[in-house]
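Enquirer: Kindly generate the corresponding structure for this input.
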Amino acid sequence: MRLRALRLWNVRKFAGRGVAIENIGNGVNVLSAENEFGKSTSFDALHAVFFQRFSGTPKPVQMLRPYSGGSPQIEVDVETDQGLFRISKKYYNGKSAVITDIATSRIIAHGLPHRGDPP
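Expert: So this is what the prediction gives:
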């Protein structure tokens with residue numbers, strides 16, 4: 001699996017706005033910027049999209065929420081041997097997770113929180 005793009009909306013310091021890292025190529029890529037430009041936020045969001053349930057709000061998800069509140073959204077484009085896919089997760093209000101085949105715009109999987117899901 002190869003990471004091709006990362007997009008954040010309303011995550012930590014990006015309250016009410018978004019940021020994108022696009023066109024990530026093969027091989028080694030370096031993310032470089034001054035302090036407080038969102039490098040750690042980007043990596044924490046990337047970790048959350050792969051390892052945190054969209055239906056819950058454990059500490060790592062709480063840490064993504066801006067001080068002003070709101071619902072963080074994270075979107076990742078990944079390439080596999082089967083194609084190019086977009087993974088989208090939204091936490092808090094409007095909780096959801098969607099995986100889309102980018103070539104066909106077909107939704108491969110989606111989830112909405114169930115009544116018994118942990119908070």
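Enquirer: Show me where the protein has its strands.
Expert: Along the chain, the segments classed as strands by DSSP state E run 2-9, 18-21, 73-80, 83-90, 96-101, 106-111.
Enquirer: Enumerate every residue touching the spatially most central residue of the chain.
Expert: The centre of the chain sits closest to Ile74, judged by CA atoms, centre = their mean, with a distance of 2.4 Å. The contact partners of Ile74, by CB atoms under 8 Å, 6 or more residues apart in numbering, come to 6-9, 11, 45-46, 48-49, 64, 88-89. To be clear about C-beta, it is placed using only N, CA and C from the backbone, and glycine gets the same treatment.
Enquirer: buried set for the longest helix belonging to the chain?
Expert: Longest helix in the chain by number of residues, with DSSP state H as the criterion: helix 39-51. For helix 39-51, burial by neighbour count (16 or more other CB atoms under 10 Å) applies to 41-42, 44-46, 48-49.
Enquirer: Pull that helix out as CSV, backbone CA atoms only.
Expert: As requested, the backbone C-alpha atoms of helix 39-51 are provided in CSV (Å, rounded to 0.1, in the frame of the first residue of the first chain):
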residue,chain,number,x,y,z
LYS,A,39,3.4,18.2,10.6
SER,A,40,2.6,16.3,13.9
THR,A,41,-1.1,17.0,13.3
SER,A,42,-0.8,15.4,9.9
PHE,A,43,0.8,12.2,11.2
ASP,A,44,-1.6,12.0,14.2
ALA,A,45,-4.5,12.3,11.7
LEU,A,46,-3.0,9.6,9.5
HIS,A,47,-2.7,7.3,12.4
ALA,A,48,-6.3,8.0,13.4
VAL,A,49,-7.8,7.2,10.0
PHE,A,50,-6.1,3.8,10.0
PHE,A,51,-6.4,2.8,13.7
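Enquirer: Since that was my last question, I'll sign off now.
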